[in-house]
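# Sequence first, predicted coordinates after that:
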Amino acid sequence: MTDISNLATCMASGPRQPQDGDGDSSVVVDVKPKTKRPPLYKVLLLNDDYTPMEFVVQVLERFFGMTHAQSFEIMLTVHKKGVAVVGVFSHEIAETKVGQVMDFARRHQHPLQCTMEKE
Ligand code: TYC
C-alpha cells in the first residue's frame, strides 16, 4: 500500500539521527488499512424423512424470499442431496434466519433442521 493517504510520519530525535535542519528527523512508514469485511455465514437446510415437502417450500418462501418455483427447486436439492445452502448472510442475520426456521418447524412439530457455518 503506497497511497499517500495510508502513510504515517514518525518523528524521531536523538544524537545519532540524521538531521534535516530542524532538529528532528522524519521517517515515513506504511500503515495497513484497518477495515475488514465482516465474515459471512452460509445457512444450510438439512434433509429428514418426515418434514413434508410443502412445509419446506413454505419455509423457503417465507424466510428466504424465494419464489415458489425457486423454493421447490431448492427443497428437491435438499431432499436428493441431503443438504443445501439456502442463503449467505452476516452472522447476526444468519443466526436470526436459523432461529426463525427452527422455531417455525418446532411449532409445527416437524424435525426440520437448519444450521449455519462460516463461509
Ligand atoms: N425428505 C422429506 C420428505 O420426503 C422432504 C424434505 C425436503 C425434508 C427438504 C427436509 O430440508 C428438507 N418428505
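Great, that's in hand. Just so you know, these numbers come straight off a predicted model, no measurement behind them.

# In three-state terms, label residue 104 for me.
Secondary structure assignment for residue 104 (DSSP: H, G, I helix; E, B strand; the rest coil): helix.

# Identify the residue spatially nearest to it, adjacent ones excluded.
Leaving out its chain neighbours, the residue that sits closest to residue 104 by C-beta to C-beta, 6 or more residues apart in numbering is residue 59, at 6.4 Å. Backbone N, C-alpha and C define where each C-beta goes, glycine included.

# Just say helix, strand or coil for the one you found.
helix.

# Distance of it relative to residue 80?
Residue 59 sits 17 Å away from residue 80, going by C-beta to C-beta, to the nearest Å.

# ok, residues contacting the helix or strand where residue 95 lies?
With secondary structure defined by DSSP states H and E, residue 95 is part of helix 91-107. The contact list for helix 91-107, computed with C-beta atoms under 8 Å, 6 or more residues apart in numbering, reads 38-39, 41-43, 45, 51, 55, 59, 62-64, 87-89, 111-116.

# Swap in 6 Å and give it another go.
For helix 91-107, the external contacting residues (C-beta atoms under 6 Å, 6 or more residues apart in numbering) are 41, 43, 59, 63, 112, 114, 116.

# in it, what counts as buried?
By neighbour count on 16 or more other C-beta atoms under 10 Å, the buried set for helix 91-107 is 94, 97-98, 101, 104-105.

# does any bit of it sit next to the ligand?
No: between helix 91-107 and the ligand, judged by C-beta under 6 Å from any ligand atom, nothing touches; the nearest distance is 9.2 Å.
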